[in-house]
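Chemist: how would this look folded up:
(chains A and B)
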Amino acid sequence: EAQVTQNPRYLITVTGKKLTVTCSQNMNHEYMSWYRQDPGLGLRQIYYSMNVEVTDKGDVPEGYKVSRKEKRNFPLILESPSPNQTSLYFCASRSSGGRGYGYTFGSGTRLTVV
Amino acid sequence: AQSVTQLDSQVPVFEEAPVELRCNYSSSVSVYLFWYVQYPNQGLQLLLKYLSGSTLVESINGFEAEFNKSQTSFHLRKPSVHISDTAEYFCAVSDGSGNTPLVFGKGTRLSVIA
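Modeler: This next block holds a predicted model:
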């Protein structure tokens, strides 16, 4: 089954403790991205990657890092999490153009930073 | 850069009544338009999309949306809602090159009342 897999689904951590949220896709998509969802703000893009070793900032990149060492994986790294990073995070990959153009989203990771 | 405005943050409607969720986007030469649905405590699911061709697009569960270029709108409609349609709905846009990030609106919470 074509899918984007995020782990963990839920995470509670303390301020300053480094964490990584993993994202993996099995569709051989070149483009991947991370979003955060906050009430009343919709989804905002954190980082995206056009291909292996190519990443760029989205609208809200502060406090986050990403890496793209292989096509299928796109981890999101919080080096020193703060409470304002408490949010629901989604990873997505994008199929190429034509009628099949579209995004596939992971199931989400609910992060709480205390 | 693209932007999306969802004009209503909350829409309450009685079961079996019609509903329209409004979405306007900033102008561009060409655009790709999407509606996603998020059921309580779940991830994002693609409801329908417009890439090109017919301006009226339909989903398998009775929703439809019409791309209106002159009004830069992509409103979502359903002639008769069910309790199970209670969810948050997000409109999203990217430009027609397919190479720009997907930009989301802030969402509309549809509540269907028995």
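
Chemist: Could you list every helix and strand in contact with the lowest-mean-pLDDT helix or strand in chain B?
Modeler: Between all helices and strands in chain B, the lowest mean by mean pLDDT, DSSP states H and E belongs to strand B:56-58, at a mean of 88. Using 3 or more Cβ pairs under 8 Å, 6 or more residues apart in numbering or on different chains; DSSP states H and E as the contact test, the elements touching strand B:56-58 are strand B:45-50, strand B:64-68. Where you see a C-beta, it was placed from the backbone N, CA and C, and this is true even at glycine.

Chemist: Nearest to B:H82, out of these?
Modeler: With Cβ to Cβ, the closest approach to B:H82 among these belongs to strand B:45-50: 14.5 Å.

Chemist: List the neighbours of that closest one that are in contact with it.
Modeler: For strand B:45-50, contacts defined as Cβ atoms under 8 Å, 6 or more residues apart in numbering or on different chains pick out A:102-103, B:32-39, B:57-59, B:63-65, B:67, B:74, B:76, B:89.

Chemist: Ok, which of the helices and strands packed on strand B:56-58 comes nearest A:E62?
Modeler: strand B:45-50 (29.2 Å).

Chemist: What residues are bridge-paired with A:L11?
Modeler: With DSSP bridges applied, A:L11 shows beta-bridge pairing to A:L111.

Chemist: Now do the contacts for it.
Modeler: Counting by Cβ under 8 Å, 6+ apart, A:L11 makes contact with A:19, A:21, A:109-112.

Chemist: Tell me where the longest strand sits in chain A.
Modeler: strand A:42-51 (DSSP state E).

Chemist: what helices or strands is that one leaning on?
Modeler: Judged by 3+ Cβ pairs under 8 Å, 6+ apart, strand A:42-51 is in contact with strand A:31-38, strand A:54-57, strand A:65-66, strand B:87-95, strand B:103-104.

Chemist: so who does the residue nearest the centre of chain A touch?
Modeler: Closest to where the C-alpha atoms of chain A average out (Cα atoms, centre = their mean) is A:W34, at 2.9 Å. Residues in contact with A:W34 (Cβ under 8 Å, 6+ apart) are A:23, A:45-48, A:58, A:64, A:66, A:74, A:76, A:89-92.

Chemist: A:K65 now?
Modeler: A:76-79.

Chemist: pLDDT score assigned to it?
Modeler: At A:K65, the predicted lDDT confidence score is 98.

Chemist: List the beta-bridge partners for it.
Modeler: A:K65 has the following beta-bridge partners by DSSP bridges: A:I77.
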